[in-house]
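**Student:** next input, structure requested:
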Amino acid sequence: MTHHSYDTLSGALNGLKQRGYTEDFNLKENCIICTSKPLELKPEEFDIEEVHRFEGMSNPDDSSVVYAIASTYGVKGVLVDAYGAYAEAITPEMAQKLRV
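**Tutor:** This next block holds a predicted model:
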């Protein structure tokens, strides 16, 4: 497996898109949803293939993480979230899946 490294959030999103992670996912309590397809993925229906973390330039609290996700249905995309923001808002199964 090739290791990819990105300096910026936008660089990661562009690089992942060029490598086939074309869908945008949003985090829900017990699943992730695809914004362009009627698709909800439970934790057992997707794998996190890469994780890229970024810290804000002026504020370390302004941090984000990009997950490169592949579903069991062949759909690949990205999920962008803030560090720790999901800890209280999602099920333990989703938290465990995202703790990579």
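
**Student:** going forward, measure contacts between C-alpha atoms and count neighbours the same way
**Tutor:** Noted.

**Student:** what segments of this structure are strands?
**Tutor:** Taking DSSP state E as the criterion, the chain carries its strands at 23-27, 32-34, 39-41, 46-54, 64-71, 76-82.

**Student:** mind checking which of those strands is nearest Lys97?
**Tutor:** Ranking the strands of the chain by proximity to Lys97 (C-alpha to C-alpha) places strand 46-54 first, at 8.1 Å.

**Student:** for the closest one, packing partners?
**Tutor:** Judged by 3 or more C-alpha pairs under 8 Å, 6 or more residues apart in numbering; DSSP states H and E, strand 46-54 is in contact with strand 64-71.

**Student:** the strand it packs on pairs with which strands?
**Tutor:** strand 46-54 (antiparallel), strand 76-82 (antiparallel) (DSSP bridges).

**Student:** ok, now which ones touch the nearest residue to Thr8 once chain neighbours are set aside?
**Tutor:** Nearest residue to Thr8, sequence neighbours excluded (C-alpha to C-alpha, 6 or more residues apart in numbering): Phe54, at 6.9 Å. Contacts for Phe54 (C-alpha atoms under 8 Å, 6 or more residues apart in numbering) come out as Asp7, Thr8, Leu9, Ser63, Ser64, Val65.
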